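>>> requesting a structural model of the entry that follows:
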Amino acid sequence: MDTITVAMPSKQPGGLEAPLDAHFGHCECYTLVDVANNEVVSVRTLENVPHEHGGCMGPVNHLAQNGVKLLIAGGMGMRPLMGFQEVGITVYYGANSQNVTEAVNALLSGSLIPFTVQNTCGGGDSCGGH
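Just a heads-up that it's a prediction; the model follows:
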C-alpha cells in the first residue's frame, strides 16, 4: 500500500471542511491529506512559511520537506509551478473546488486536470499576490 501526501492551500483552521485558499504561496495554512488505495487515511494541517514577493520557492521547499508529493491549487505564478516540477511535486488545478473535501474527491475520481502554464498568473498585484 503506497501512501501519497496531498497538500491543499486552506483557510484556517484547515481540515477537510476548510475552504480552499486561492493563493497557494500566501495561504493561511495547508491541509495535508494522506491517501492510500484511493481512500483518505489521515488529515493534518501545516502552517505556511512567510512569503515575500518573488520568494515563491520558500513555500515550495516547505511542502517538499514535509513529504508532499501532490498539490491541488487554484492559482500560482510560473516560478512556483516550475519549482514544484523541480522538487517532484505534481500540481493539479483545483480552482473549482469549494473546500478540501471537494478537492480530494475530485482528485480521487480522476476529474482534476494537471496545472499547466495556461493556469498561471503574473503574480504581484495583477492576481492578488499569488
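
>>> could you pull out the strands for this protein?
Under the criterion DSSP state E, the chain contains strands at 3-10, 29-36, 39-47, 68-73, 90-93, 113-114.

>>> between those strands, which gets nearest to Arg79?
strand 90-93 (12.8 Å; Cβ to Cβ). All C-beta spots, glycine's among them, are computed from the backbone N, C-alpha and C.

>>> quick one on the thing from earlier: dump the strands of the chain into TSV; add mean neighbour count as well.
Converted to TSV, the strands of the chain look like this (neighbours: other Cβ atoms under 10 Å):
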stretch	mean neighbour count
strand 3-10	23
strand 29-36	21
strand 39-47	13
strand 68-73	23
strand 90-93	19
strand 113-114	10
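
>>> now render the ones you listed as JSON lines, adding mean pLDDT and distance to His23.
As requested, the strands of the chain are exported to JSON lines (pLDDT from 0 to 100; distance: least, Cβ to Cβ, whole Å):
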{"stretch": "strand 3-10", "mean pLDDT": "96", "distance to His23": "7"}
{"stretch": "strand 29-36", "mean pLDDT": "97", "distance to His23": "12"}
{"stretch": "strand 39-47", "mean pLDDT": "97", "distance to His23": "15"}
{"stretch": "strand 68-73", "mean pLDDT": "96", "distance to His23": "9"}
{"stretch": "strand 90-93", "mean pLDDT": "96", "distance to His23": "14"}
{"stretch": "strand 113-114", "mean pLDDT": "94", "distance to His23": "20"}
